[in-house]
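[1] What follows is a protein structure lacking sequence information:
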């Protein structure tokens, strides 16, 4: 789910060439049917679950996200690590490297929150209405003048205590390569005095080998990517929480410096740079 930045330099031809074991066609069909069922149930339950207290609502969201990934044949491994705690009445900004449309349910399986996505996602079948009802903030990449308004919307959500999930690379990458974390949406954390939670995402096969099969890059369509995911045998999605970055000082005169510093620190944390 890319946002306003250019498409990543990765292409399917360059990145999706690693061999991966596959399952038979009947298993793929069953996975697709199970995925559609889970999505439909999630769509039906989205509005009623809004009335639940946050604790039960988050537990239900985590269960649903794990069920969705499981229906696709994706195993989930979460490395808890030190997680950010909301402070000063604000939520937290979760930032991660971006590989696939699977990244959103993967993060939700551990730490549910509202997410940022491109406006095109709203038109995706079933999944589009679901993420819209879930409180997703949408950004029109073709109208860059709307960027300040979207940043303000994310900041308002953080001030209201909502966790926000953002992919600062701005576009999906294949996993073998990565993009620079752009500072634009770190401005929201600065404005809301919200902590930043870096999260690292990796996809592997059951034997531990890295795989780019889930990557959603280039001109890949959602259905093409979905067909590739359900075909893989033993796909494992790994999520690792890195040490949280405290909320920066709220000095308005240093916002630009603070957001650039947050972007650099978050990227170093995600990439494991010491």
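    Looks like it arrived, so ask away. All values derive from a computational prediction rather than experimental measurement.
[2] Can you work out which other helices and strands pack against the strand ranked longest in the chain?
    Scanning the chain for the strand with the most residues, using DSSP state E, yields strand 196-204. Contacts defined by 3 or more C-beta pairs under 8 Å, 6 or more residues apart in numbering; DSSP states H and E place strand 196-204 against strand 93-96, helix 103-108, strand 235-241, helix 255-271. In short, each C-beta sits where N, CA and C put it, glycine included.
[3] out of those, which comes closest to residue 28?
    strand 235-241 (12.4 Å; C-beta to C-beta).
[4] quick one: strands adjacent to that closest one?
    strand 74-79 (parallel), strand 196-204 (antiparallel) (DSSP bridges).
[5] So what touches that strand?
    Applying C-beta atoms under 8 Å, 6 or more residues apart in numbering, the external contacts of strand 235-241 come out as 20, 69, 72-83, 102, 106-107, 109-111, 197-206, 211, 213-214, 229.
[6] Can you tell me which of the residues you listed are buried?
    With neighbours counted using 16 or more other C-beta atoms under 10 Å, those contain these buried positions: 20, 69, 72-74, 76, 78, 83, 102, 106-107, 109-111, 197-205, 211, 213-214, 229.
[7] Stretch 120-138: how far from the chain's middle?
    The chain centroid and the centroid of stretch 120-138 are separated by 13 Å under C-alpha atoms, centre = their mean, to the nearest Å.
[8] buried ones in that stretch?
    Neighbour-count burial for stretch 120-138 [16+ other C-beta under 10 Å]: 121, 124, 127, 128, 130, 131, 132, 134, 136, 137, 138.
[9] how about CSV for these, with distance to residue 65 added?
    Converted to CSV, the buried residues of stretch 120-138 look like this (distance: C-beta to C-beta, whole Å):
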residue, distance to residue 65
121, 16
124, 17
127, 13
128, 17
130, 11
131, 12
132, 17
134, 11
136, 14
137, 19
138, 20
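[10] mind listing which of those are in helices?
    With DSSP state H as the criterion, helices contain 127, 128, 130, 131, 132 from among the buried residues of stretch 120-138.
[11] any idea which of the residues you listed is the one closest to residue 264?
    residue 131 (29.2 Å).
[12] okay, the closest one: pLDDT?
    The per-residue pLDDT reported for residue 131 equals 77.
[13] what's the spacing between it and residue 125?
    12 Å (C-beta to C-beta, to the nearest Å).
[14] and if you look at residue 63?
    23 Å.
[15] ok, back up a step: can you convert the helices and strands packed on strand 196-204 into TSV and add a column each for mean pLDDT and distance to residue 225?
    Formatted as TSV, the helices and strands packed on strand 196-204 follow (pLDDT from 0 to 100; distance: least, C-beta to C-beta, whole Å):
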stretch	mean pLDDT	distance to residue 225
strand 93-96	94	18
helix 103-108	92	12
strand 235-241	95	13
helix 255-271	88	22
